[in-house]
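1. Just to be clear, the model below is a prediction. Sequence and coordinates:
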Amino acid sequence: MSSWLEWFAVMLGGGALSLKCLAVWSQTRSAAHGLIHGRLAPNNASPNSVCSEGEAANIAPLKLSGPDTWEDLQDAIESLSGRLITVESHYLHAVFKTPIWGFEDDLEARLDTETGHIQLRSSSRVGYSDTGTNARRVESLRALLE
């Protein structure tokens, strides 16, 4: 019986260590691409990102509800424990860290004054699936702003 428990403990510990190593590795990479020809980068093919513009858009953009919406977005990001990395007049990049393992995800936003929207892209740095984390993050921002 003890050999089964030892094997289980080793496998569990090894799995946890592997996940933590991936989380540390995610902190050395970035999924943020900045603006490409004035737009956000296209959405990933994997289900670990959401984006409001381009052919692969899978979320709605935020509506500009007033002249301070861009600044309100920055406050909302910080209220959800996001760290603002780049803030410009029409583009921002923020990083969010997942609570348990410490994976870092990137959020990018583009102020689209022509359409009256804020275009968003939220993407995991590593892995294939994010279990809906990026979509929930965008919806949390939407709830704070609308």
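-> Cool, the structure landed. Given the structure is predicted, the values throughout are model-derived calculations rather than measurements.
2. Assumed Ser3 was part of a helix.
-> Yes: counting by DSSP: H, G, I helix; E, B strand; the rest coil, Ser3 is located in a helix.
3. got a pLDDT number for it?
-> The model reports Ser3 with a pLDDT of 74.
4. Can you tell me the centre-most residue of this structure?
-> Centroid-nearest residue in the chain, with Cα atoms, centre = their mean: Ser122, separated by 3.5 Å.
5. so what does the helix or strand hosting that one touch, helix or strand wise?
-> Take DSSP states H and E as the rule and Ser122 turns out to sit in strand 117-124. When contacts are defined as 3 or more Cβ pairs under 8 Å, 6 or more residues apart in numbering; DSSP states H and E, strand 117-124 sits against strand 39-40, strand 49-51, strand 62-63, helix 69-79, strand 104-112, helix 133-145. All C-beta spots, glycine's among them, are computed from the backbone N, C-alpha and C.
6. For this protein, give me the ranges with low pLDDT.
-> 1-2, 4-31 (pLDDT under 70).
7. re earlier: who does the residue nearest to the centre of the chain bridge with?
-> Val50, Leu107 (DSSP bridges).
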